[in-house]
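**Student:** Give me a model of this one.
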Amino acid sequence: MNKKDKVIKAELLRDPLKPSQNPKRVYLAQFSIIVEEQFVLLPYSAATVWAYAQSFREIQENYKLASDFLFIKRPIAEIMEKIENPDVFGFSTYVWNSNYTDTLARRIKEKYPDCLIIYGGPQVPDKDEQLFFKKPWIDVCVHQEGEFTFKEILLENLEGKKWANIGGLSYNNNGKRMTTAPSIRIRDLNALRSPYLDGMFDGYVEKNPDYTLNAILETNRGCPYKCTFCDWGSNTFSKLTKFDLSRIGDELKWMGKNKIDCVVNADANFGILRKKDSEIVDKLIETKKEYSYPKLFTTNWAKNNNELAIEMATRLKKAGLLRKFAIALQSLDEIVLRNIERTNMKLNNFDQLVNLAKKNDITVMIELIMTLPGETYEGWIKNYCELLKYENLYIESYPLSVLTNSEMNSPKYKEEHGLQTTRVKLPFNDYIDEYEQMVLSTKTMSWEEASQAWIFTWLVRSMHSFGFLFYVCNFIVKEFQISYYQFYKTIEEEIQKSRGLIKSIYKKQKKLINEEKFSEFYLTNWWIDSVGKQNRKQFYKEMEEIVERKFAHPLLNEVFNFQDIACYNPNENYPIQKKFSYNFIADKQESCIMEFEHSGIDNHKSYKSYISLNRSGRWKAKFKTIDRSNK
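**Tutor:** Numbering: from 1, shown residues only. Next up, the predicted model:
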């Protein structure tokens with residue numbers, strides 16, 4: 001905090017406010033993803049800049065927030081009806097709200113030309129000289145951290161609007177992009193106000209009963225890594241700055257009291273601050289014990305996971321808080337890792353880590369990214385399938401998105417690695433379509449190879465990570481002494497020769513990926529209800545026939561019966577008891593009765609949502625042998 005800020009805060013404490021009779025009306029928007037038509041994030045970033053600005057006398061006296069923060073997308077016309085004479089309108093922009101934000105901001109500028117339009121967030125480009133020519137409705141853009149800068153904008157807006165005096169901006173000068181000196185990084189995060197503790201979100205849960213609200217928890221800022229596909233780390237932001245533990249604890253209590261469903265941790269590497277992050281886990285557990293909320297905690301775990309991370313994840317799981325325990329490998333190929341500058345992220349004995357997680361009943365989520373520079377079709381398929389040997393692994397594969405301010409977005413980098421991209425529609429298209437720039441091919445993987453890799457990856461993810469063929473696959477691989485690749489490649493070949501439900505789904509998926517409709521292909525999971533619920537009996541009947549063509553086995557029907565119950569079946573009432581002639585726990589031929597338990601879809605509104613958002617094997621029913629007999 002600079003000297004001027006301290007003086008203003010001192011005056012605010014000493015003298016009573018003298019509000020303007022006509023304070024300027026401020027609106028702030030940060031439109032969230034709405035996941036599965038249910039889960040929404042509170043607008044933390046927008047609220048944080050306002051909370052800090054409100055700690056200064058001159059702003060309190062001359063500005064007022066004209067409405068609640070805007071964070072749930074509605075028809076543009078509906079929002080416009082609720083906006084009255086805005087003087088300042090700030091938008092926090094992300095890839096999932098970029099076009100929606102542009103449409104609303106343009107309409108506001110048309111109707112209220114004197115309104116100051118401010119953009120911030122990761123979608124603000126750092127180097128686009130044509131920005132204000134393409135988007136003339138924007139007046140000012142904030143780069144990097146926004147709290148200090150937004151406060152300075154509001155103060156300057158009362159005077160001469162000399163934006164050149166403020167660091168960290170680009171601004172519109174009759175369509176020409178003007179830039180100012182870089183802003184100074186905020187070193188003391190505790191100088192910032194907490195929107196939670198200032199009551200800015202009080203009552204939001206009750207006001208939005210149709211949605212499940214999740215809250216962002218920020219415990220530090222910065223990332224020591226510089227992955228070329230990411231815009232998080234940089235020379236300026238490589239060093240971590242931290243919030244006090246007491247503040248974090250108080251924010252968690254607010255979340256518990258206000259029945260926040262899931263705490264979404266915004267840290268780049270949770271667990272990197274070992275002692276502090278372990279204490280945060282303690283506070284999460286204490287909060288849930290006292291208030292029964294939050295229900296879940298999700299985070300970006302530290303890149304170099306270790307035994308302490310497993311220990312923290314185990315405590316979270318026992319408290320019912322662990323949504324996922326993820327290891328962001330991105331690739332298993334050393335050349336690829338060098339190309340994306342991930343050579344400094346070495347896993348501490350990956351095999352040992354996964355086995356330790358298994359002993360603690362933790363499913364490890366592995367994150368991989370397709371079409372990274374240097375990746376080949378053969379290498380991708382081989383490495384993906386080798387990971388399937390771990391029974392407590394969930395593999396999530398992402399498309400390679402080129403983020404606005406990442407190194408990967410530079411023309412030099414794209415040319416060096418032969419990156420070919422296309423605009424792909426996102427699944428978060430409430431009212432206005434949103435797009436991202438996705439890499440289709442590289443010098444080492446053609447689009448033909450990539451599309452083949454995607455359809456195979458979708459098949460394995462659907463059948464293995466989502467659980468629909470998990471136990472059957474493991475049984476066949478063991479009995480026939482084949483690789484996971486051989487099993488799933490054979491299944492894919494047999495599906496193409498077949499007819500019926502499975503073939504129709506596969507055919508539609510292949511058409512979608514060939515047409516580059518990636519969101520429909522991979523992200524919407526449109527097929528889940530059909531396979532897992534509505535046509536489940538038909539699916540397993542067809543799949544058993546497909547498997548039997550190449551892997552006939554006297555116990556195959558028994559294995560499929562086990563599979564149908566052990567992978568949560570929404571058409572059944574658990575607990576279920578069923579007699580088998582094979583003991584799948586003892587792995588031997590004997591008559592036994594097994595009992596299966598599953599708690600259902602929790603707070604999800606649909607079965608598809610529950611399976612789609614599964615990151616920790618929650619589809620697995622718990623099972624045990626309750627009677628054994630060799631008679």
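**Student:** mind listing what's buried in stretch 63-75?
**Tutor:** The neighbour-count check on stretch 63-75 (16 or more other Cβ atoms under 10 Å) flags 63, 65, 66, 68, 69, 70, 71, 72, 73, 74 as buried. (Each C-beta comes from the backbone N, C-alpha and C, glycine too.)
**Student:** For the spatially closest residue to residue 325 that is not a sequence neighbour, give me its contacts.
**Tutor:** Spatial nearest neighbour of residue 325, chain neighbours left out: residue 313 (4.4 Å); criterion: Cβ to Cβ, 6 or more residues apart in numbering. For residue 313, the contacting residues are 301, 322, 325, 357, 360, 362, by Cβ atoms under 8 Å, 6 or more residues apart in numbering.
**Student:** Need the three-state assignment for the nearest residue to residue 179 once chain neighbours are set aside.
**Tutor:** Distance criterion Cβ to Cβ, 6+ apart; nearest residue to residue 179, sequence neighbours excluded, is residue 170 at 4.8 Å. Under DSSP: H, G, I helix; E, B strand; the rest coil, residue 170 falls in the strand class.
**Student:** pretty sure residue 170 is touching residue 143, no?
**Tutor:** Yes - Residue 170 lies in contact with residue 143 (Cβ atoms under 8 Å); the separation is 6.8 Å.
**Student:** who's more crowded, these two?
**Tutor:** Between residue 170 and residue 143, counted using other Cβ atoms under 10 Å, the more crowded position is residue 170 (24 against 21).
**Student:** Can you mark which positions in the longest helix seen in the chain are buried?
**Tutor:** For the chain, the longest helix by residue count, based on DSSP state H, is helix 274-291. Buried residues in helix 274-291, counted by 16+ other Cβ under 10 Å: 276, 277, 280, 281, 283, 284, 285, 287, 288, 291.
**Student:** returning to that earlier point: what sits against the residue nearest to residue 179?
**Tutor:** Shown in contact with residue 170 (Cβ under 8 Å, 6+ apart): 131, 140, 141, 143, 177, 178, 179, 180.
**Student:** From residue 117, how far out is it?
**Tutor:** For residue 170, the distance to residue 117 equals 13 Å [Cβ to Cβ, to the nearest Å].
**Student:** Report all helices and strands that the strand ranked longest in the chain contacts.
**Tutor:** Scanning the chain for the longest strand, with DSSP state E as the assignment, gives strand 588-597. Packing partners of strand 588-597 (3 or more Cβ pairs under 8 Å, 6 or more residues apart in numbering; DSSP states H and E): helix 556-566, strand 576-583, strand 622-629.
**Student:** Need these in TSV (columns: mean neighbour count and distance to residue 42).
**Tutor:** Converted to TSV, those look like this (neighbours: other Cβ atoms under 10 Å; distance: least, Cβ to Cβ, whole Å):
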stretch	mean neighbour count	distance to residue 42
helix 556-566	19	37
strand 576-583	14	39
strand 622-629	12	34
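**Student:** Kindly present those as JSON lines, with separate columns for distance to residue 102 and mean pLDDT.
**Tutor:** Shown next, in JSON lines, are the helices and strands packed on strand 588-597 (distance: least, Cβ to Cβ, whole Å; pLDDT from 0 to 100):
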{"stretch": "helix 556-566", "distance to residue 102": "48", "mean pLDDT": "97"}
{"stretch": "strand 576-583", "distance to residue 102": "52", "mean pLDDT": "95"}
{"stretch": "strand 622-629", "distance to residue 102": "49", "mean pLDDT": "87"}
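**Student:** so which of these comes closest to residue 29?
**Tutor:** Evaluated over the helices and strands packed on strand 588-597, closeness to residue 29 peaks at strand 622-629, with 44.2 Å, by Cβ to Cβ.
**Student:** what angle sits between that closest one and strand 576-583?
**Tutor:** 60 degrees (axes from the mean of the first three to the mean of the last three Cα atoms, to 10 degrees).
**Student:** any residues touching strand 622-629, and which ones?
**Tutor:** Outside strand 622-629, the residues that touch it by Cβ under 8 Å, 6+ apart are 565-566, 577, 583-586, 590-598.
**Student:** how about the helices in the stretch 451-600 of the chain?
**Tutor:** Along the stretch 451-600 of the chain, the segments classed as helices by DSSP state H, counting those that start in this stretch run 470-480, 484-497, 501-514, 518, 528-529, 536-550, 556-566.
**Student:** and residue 166, which of the ones you listed is closest to it?
**Tutor:** Closest to residue 166 of the helices of the stretch 451-600 of the chain is helix 518 (Cβ to Cβ; 39.7 Å).
**Student:** State the mean pLDDT of that closest one.
**Tutor:** On average, the pLDDT along helix 518 is 92.
**Student:** who touches that helix?
**Tutor:** 399, 424, 425, 438, 512.
**Student:** Can you tell me the closest non-neighbouring residue to the last one?
**Tutor:** Once flanking residues are discounted, residue 512 sits nearest to residue 521: 3.9 Å by Cβ to Cβ, 6+ apart.
**Student:** I'd assumed residue 514 was in contact with the one you found.
**Tutor:** No - with contact defined as Cβ under 8 Å, residue 521 does not count as touching residue 514 (9.3 Å).
**Student:** Disregarding flanking residues, what is the spatial nearest neighbour of residue 539?
**Tutor:** Counting by Cβ to Cβ, 6+ apart, residue 539 lies nearest to residue 531, which is 4.8 Å off, once chain neighbours are set aside.
**Student:** Narrow the contacts of residue 313 to those in helices?
**Tutor:** Using DSSP H, these in helices are residue 357.
**Student:** Pull the contacting residues for residue 197.
**Tutor:** Neighbouring residues of residue 197 by Cβ under 8 Å, 6+ apart: 247, 250, 251, 254.
**Student:** Return the distance of it relative to residue 246.
**Tutor:** Distance of residue 197 to residue 246, computed by Cβ to Cβ: 11 Å.
**Student:** Go through the longest strand of the chain and flag the buried ones.
**Tutor:** 592, 594, 595, 596.
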